[in-house]
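> let's see this in three dimensions:
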Amino acid sequence: MIKERLSEKKNFKESELWFALYSLTAALVDIRRNGKTPKLGDINPQNVFVNDEGHIRVANIYSWPHERFSYWKVLENDKHENTLLAPEDMNNWQTNHLDNDNNHQSELFAIGATIISAALLSDFKSVYDFK
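You can find the predicted model right below:
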């Protein structure tokens, strides 16, 4: 898991970061092309897994039991501490919109934030104010 590398403070190589970026965007393109939904799920460092061979997997709504989209996690107010919402999604949440289905770029933001988080060995918790 990327999250484990963050807690171990074990730096990623640049090539690993580029590969993670490629893999996550490819997963998003694949789910949009072949899935029933344009959303992948909740993209964040806890939901990106790297095995011993270096293959990357992302937990998504089809592979993870009861996985919810990041926006829904915030709406449900149960597990939003690790959620990476785009700024426009934060605005929608604060104005009580029930979904972010029209924001097709929200997951691109989450992918970018996940890669930056991995590169900096840090998380984005201090960026958000859910009050």
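
> dihedrals phi and psi, the residue nearest the centre of the chain?
Nearest to the mean C-alpha position of the chain, counting by C-alpha atoms, centre = their mean, stands Ile43 at 1.6 Å. When read as degrees, to the nearest 10, the backbone of Ile43 gives phi -90, psi 120.

> and the gap between the residue nearest to it when sequence neighbours are not counted and Lys10?
Spatially, and ignoring its direct neighbours in sequence, Ile43 is nearest to Ala110 (3.9 Å; C-beta to C-beta, 6 or more residues apart in numbering). From N, CA and C alone the C-beta is placed, and that goes for glycine too. Shown here: Ala110 relative to Lys10, a distance of 22 Å by C-beta to C-beta, to the nearest Å.

> quick one: which of the two has more around it?
Ala110 (25 against 9; other C-beta atoms under 10 Å).

> packing partners for the strand or helix carrying the more buried one?
Per DSSP states H and E: Ala110 is located in helix 106-120. With contacts defined as 3 or more C-beta pairs under 8 Å, 6 or more residues apart in numbering; DSSP states H and E, helix 106-120 has these neighbours: helix 2-8, helix 14-34, helix 70-76, helix 87-94.

> just want the angle from that helix to helix 87-94.
Between helix 106-120 and helix 87-94, the angle comes out at 120 degrees (axes from the mean of the first three to the mean of the last three C-alpha atoms, to 10 degrees).

> wouldn't the residue nearest to Ile43 be in contact with Leu84 here?
Yes: with contacts counted by C-beta atoms under 8 Å, Ala110 reaches Leu84, the gap being 4.2 Å.
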